[in-house]
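Engineer: Below are the sequence and a predicted model for it; my questions follow.
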Amino acid sequence: MSDEKFISESDYRLYIPYVNRPDLLRKALDSVQELQPHITIIDNSPDGLPQSNWKAEIIRPQVPLLFFQTMNLILSHSRARGCKYAFFLHNDGEVHKGFAQKVLLIARNAMDNWGIIFTLYDVFACFNLKIVDEIGLWDNNLPWYFADIDYYRRLKLAGFKVIEAGQGVTHAASQTINSDPRLKFLNGITFPLHAAYYKAKWGGESDHETFTEPFDGKLPE
């Protein structure tokens, strides 16, 4: 990502990553129109997003990004735009009317040293971009599953608070992977590998970690 600085259009930008199911993308996008015009679709589909009036900026990487790469793009792209907050919405999520504005107001008015605002977990979430300077980007050894658990653990260990904004969101869970037999097959193979990596990194499975720094501080420089 270039270090070029943009004149800030707003203090936030919202991102919706897309892999498949344009019907669900349309519902997701329609549910957050109150945050227009500061919305970006990240097109990680194999064949390209179908032509339509999507009413959003569309970024299509040269090759489809993995999940951790997508999240790092979101953090870098929003910072380059001069934003303070980056919203993230799952392609298979829908935000209830008025709830996106409610979360934006929470972000703007929060006085605590917060890192992320959860709704229904991170189906719709808001990142305080101050966290990037403190904890960096997402772990490139966790391309899909456990990447979120890892990042949110690092956030909490760095002293950032998690704000729970309520569940003004509907989620058709796991539609991306369940709509692609290839992704589902490959996940069945790689999931145990990523679980083992996470356990080695933090000294235990999720909610049973024993390390307060990665690999108990034993990773060589």
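Structural biologist: The structure has been received and is ready for your questions.
Engineer: so where do the strands sit in the chain?
Structural biologist: Here the chain has its strands, by DSSP state E, at 12-18, 39-43, 57-59, 85-89, 93-95, 114-119, 121-128, 161-164, 169-171.
Engineer: Would you convert these into CSV that also reports mean pLDDT?
Structural biologist: Shown next, in CSV, are the strands of the chain (pLDDT from 0 to 100):
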stretch, mean pLDDT
strand 12-18, 97
strand 39-43, 97
strand 57-59, 95
strand 85-89, 97
strand 93-95, 96
strand 114-119, 96
strand 121-128, 96
strand 161-164, 96
strand 169-171, 92
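Engineer: Between these, which one is closest to Gln51.
Structural biologist: With C-beta to C-beta as the criterion, Gln51 lies closest to strand 57-59 of the strands of the chain, at 10.7 Å. C-beta coordinates here come from the backbone N, C-alpha and C atoms, glycine included.
Engineer: buried ones in that closest one?
Structural biologist: By neighbour count on 16 or more other C-beta atoms under 10 Å, the buried set for strand 57-59 is Ile59.
Engineer: burial of Phe160, as a residue count?
Structural biologist: Each residue near Phe160 was counted by other C-beta atoms under 10 Å, and the total is 20.
Engineer: Excluding chain neighbours, what is closest to it?
Structural biologist: Gly115 (3.0 Å; C-beta to C-beta, 6 or more residues apart in numbering).
Engineer: Likewise for Gly93?
Structural biologist: Distances taken as C-beta to C-beta, 6+ apart put Val123 closest to Gly93, at 4.2 Å, once the chain neighbours are dropped.
Engineer: quick one, what contacts that neighbour?
Structural biologist: Shown here is Val123, whose contacts under the criterion C-beta atoms under 8 Å, 6 or more residues apart in numbering are 89-90, 93, 169, 171.
Engineer: before we move on, the earlier item: in this structure the residue nearest to Phe160 contacts Lys161, no?
Structural biologist: Yes. When contacts are counted by C-beta atoms under 8 Å, Gly115 is listed as touching Lys161 (6.6 Å).
Engineer: the more surrounded of the two?
Structural biologist: Between Gly115 and Lys161, counting by other C-beta under 10 Å, Gly115 is the more crowded of the two (24 against 14).
Engineer: I'd say Leu29 and Thr40 touch.
Structural biologist: No. The pair Leu29 / Thr40 is not scored as a contact, 10.7 Å apart, by C-beta under 8 Å.
Engineer: any shared contact partners between the two?
Structural biologist: 16, 56.
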